[in-house]
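Novice: here's my sequence, what's the structure:
(one chain, ligands or ions: 2)
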Amino acid sequence: MDNCAAKILFIDDETAILDALQGLMVDETWDCRFAASGAEALAVLETEHFDLVVSDIGMPEINGIELAKKIRQNYPQIVRIFLSNGVDQKLAVTALAEGYTQQIVPKPWNDQELKEIIRSALRQQAQQQKHSSEFQALINSIPLLPTLPESYSNVRSCIVGDEVDIEKMADYISQDVSISSLLLHWANSALFGQRFQVDTIKKAIIVLGTDIVENLVLSEAVNRNIAGALPDLKGFDFKKFKKHSMATAVIARLLIKSIYSSDYVKHDRAFIAGLLHDIGKLAAASFFPKRFEQAIAVAIRTRCSLSDAEYQVYGTDHAEIGAFLAEWWALPPFIFNAIHRHHQPYSSPVDQDVIAAAHVANLLSYQFHYGSNGDTLPRTISDEYRGKFYLSEEAIEILRAETDKTLSALNR
Ligand SMILES: [Fe+2]
Ligand SMILES: [Fe+2]
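Specialist: Ligands and ions are numbered 1, 2, ... in the order given. Reported below is the predicted structural model:
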């Protein structure tokens, strides 16, 4: 869907508000319709297709919530935004908590802000449309997708084309104590082949390279933002999740190094793929915790993979959800693919070796007991991949020792 052709339905029982909205939208290319009641809106929806509804929450007869409930049920692909004047505070809280709306805009609104919210909602809607209706309904049940963490955008802004402003990047990173110490740890670890003490952020950036730095900042920020508000979940432990991601990153880098000893881009990509591969689990755990918990329980009870259990419970899995998030954030295509295909690397259209390394690293990471988190099935690495990465029993033991060493140094 092209944003130009997007169709929006505005609903408010106050004529003055509808007039104001109409005036505001006049210079936009969106196709806008206006309805003065819930009943009128439902009648219009029956005959025309819409991408987005922007509705008042407190209306006589059919209020915003009742209307949204019907829209969610009958047209799950439509994104819903509410306008609220603060009087209907209780309704607003229910609407957000129960997933009837993705966003609430207070009245009076700020014109530019409202337009930006609409634009962002339409982008999300366009992206959703590529997926099954079950997936669309799931994504539609959560608030608007989180924006890219600011710390990551800051770091990215230091890279323009092939030019990198390392001073500025070091400045941004130095403001954050935990990410600074993480970078120094990695830069001093044997994994990145450093023999001299790295004691400044600037040196750490040079040793690690900007790709790795960028993505360590991203994963730290996502961990912090998304996991910061994570509810207690049976079968999902955030510390284990973090360890599993780190371990997978370390192992993936070692694996790809064993077949491409001097292709540094591939080394970095494998590390990044490992680091971010399960990001969809974090999203599932925070956006729909109950259903995620249920999927973990199904996986354990029926001894199926977590992915299969997720499909049973909510019609998609963490690989697809994570990929959706990566696309939403416009992360580079190899990251999107690594997240999307980490269970089936052979189906990836590009970067197959890197994604295969992340895939095997994921399995080895479980084998080395780095965080099971619902995935309790015994895992076997296919003969093809054993051959590809020279994985004799002895080689696996060496990998285990190197991974233990790298991760324990990180925890010191
Ligand atoms: Fe996974
Ligand atoms: Fe994993």
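Novice: switch to C-alpha atoms for all contacts and neighbour counts from now on
Specialist: Will do.
Novice: shaky segments in this protein?
Specialist: 1-4, 97-99, 143-145, 372, 374-378, 411-412 (pLDDT under 70).
Novice: what ranges does the protein have for its strands?
Specialist: 7-11, 31-35, 52-56, 79-84, 103-106, 159-160, 163-164 (DSSP state E).
Novice: of all these, which lies closest to Ser305?
Specialist: With CA to CA as the criterion, Ser305 lies closest to strand 79-84 of those, at 31.5 Å.
Novice: quick one: that closest one to chain centroid distance?
Specialist: Distance of strand 79-84 from its chain centroid, counting by CA atoms, centre = their mean, to the nearest Å, is 23 Å.
Novice: name the residues that touch it?
Specialist: With CA atoms under 8 Å, 6 or more residues apart in numbering as the test, strand 79-84 has contacts from 51-58, 64, 68, 92, 100-107, 121-122, 125, 140.
Novice: and Ser151, what does it touch?
Specialist: 172-173, 217-218, 221.
Novice: switch to 7 Å and redo it
Specialist: The contact partners of Ser151, by CA atoms under 7 Å, 6 or more residues apart in numbering, come to Ala221.
Novice: Ala170 versus that one, what's the distance?
Specialist: According to CA to CA, to the nearest Å, Ser151 stands 12 Å off from Ala170.
Novice: same check on Thr380?
Specialist: From Thr380 to Ala170 the distance is 42 Å (CA to CA).
Novice: circling back to that earlier point, which of the contacts of strand 79-84 are buried?
Specialist: Buried subset of the contacts of strand 79-84 (neighbour count, 16 or more other CA atoms under 10 Å): 51-58, 64, 68, 92, 100-105, 121-122, 125, 140.
Novice: neighbour count for Thr380 and Ala170, which is higher?
Specialist: Neighbour totals were compared for Thr380 and Ala170, and Ala170 leads with 19 against 11 (other CA atoms under 10 Å).
Novice: would you confirm that that one contacts Lys202?
Specialist: Yes - taking CA atoms under 7 Å as the definition, Ala170 is a contact partner of Lys202 at 5.4 Å.
Novice: now for those two: what residues contact both?
Specialist: By CA under 7 Å, 6+ apart, no residue touches both Ala170 and Lys202.
Novice: can you give the domain ranges for this protein?
Specialist: Following automatic domain parsing, the chain resolves into domains at 3-140, 230-411.
Novice: okay, those domains, which one's buried deepest?
Specialist: domain 230-411 (a mean of 19; mean count of other CA atoms under 10 Å).
Novice: give me the most central residue, this protein.
Specialist: Leu325 (3.4 Å; CA atoms, centre = their mean).
Novice: and that one, how far is that from Ser261?
Specialist: 32 Å.
Novice: before we move on, what about Ala338?
Specialist: 21 Å.
Novice: contacts only, for Gly38.
Specialist: Gly38 neighbours (CA under 7 Å, 6+ apart): 62-63, 67.
Novice: as TSV, those residues with distance to Ile355 would be great.
Specialist: Shown next, in TSV, are those (distance: CA to CA, whole Å):
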residue	distance to Ile355
Ile62	51
Asn63	49
Leu67	44
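Novice: ok, the residues you listed vs Phe34, which is closest?
Specialist: Leu67 (14.7 Å).
Novice: now do the same contact list for the closest one.
Specialist: With CA under 7 Å, 6+ apart, Leu67 has these contacts: Gly38.
Novice: and for Val222?
Specialist: Pro149.
Novice: what about it, distance to Ile212?
Specialist: For Val222, the distance to Ile212 - CA to CA - is 15 Å.
Novice: do the same with Ala16
Specialist: 53 Å.
Novice: apart from its chain neighbours, what residue comes closest to Ile335?
Specialist: Once flanking residues are discounted, Ile335 sits nearest to Ala273: 6.0 Å by CA to CA, 6 or more residues apart in numbering.
Novice: the one you found against Phe336, yeah?
Specialist: No - using CA under 7 Å, Ala273 makes no contact with Phe336, being 8.9 Å away.
Novice: for stretch 209-220, which residues meet the burial criterion?
Specialist: 209-210, 212-220.
Novice: ah, wrong one, I meant stretch 172-192
Specialist: Quick answer for stretch 172-192 (16+ other CA under 10 Å): 172-174, 179-189, 191-192.
Novice: pull up the distance across that stretch, start to finish.
Specialist: For stretch 172-192, the end-to-end distance is 22 Å (CA to CA).
Novice: who touches that stretch?
Specialist: By CA under 7 Å, 6+ apart, stretch 172-192 touches 155, 194, 197-199, 201, 204, 207-208, 217, 220, 406, 410.
Novice: nearest to His131, of those?
Specialist: Glu220 (28.3 Å).
Novice: distance of the closest one relative to Lys281?
Specialist: Glu220 is 15 Å from Lys281, by CA to CA.
Novice: what do you get for Ala338?
Specialist: Counting by CA to CA - Ala338 and Lys281 are separated by 14 Å.
Novice: for Lys388, same thing?
Specialist: For Lys388 relative to Lys281 (CA to CA), the value is 28 Å.
Novice: same check on Leu399?
Specialist: From Leu399 to Lys281 the distance is 26 Å (CA to CA).
Novice: ditto for Ala121
Specialist: 23 Å.
Novice: same question, Ala170
Specialist: 30 Å.
Novice: cool, Ala227 as well?
Specialist: Ala227 is 10 Å from Lys281, by CA to CA.
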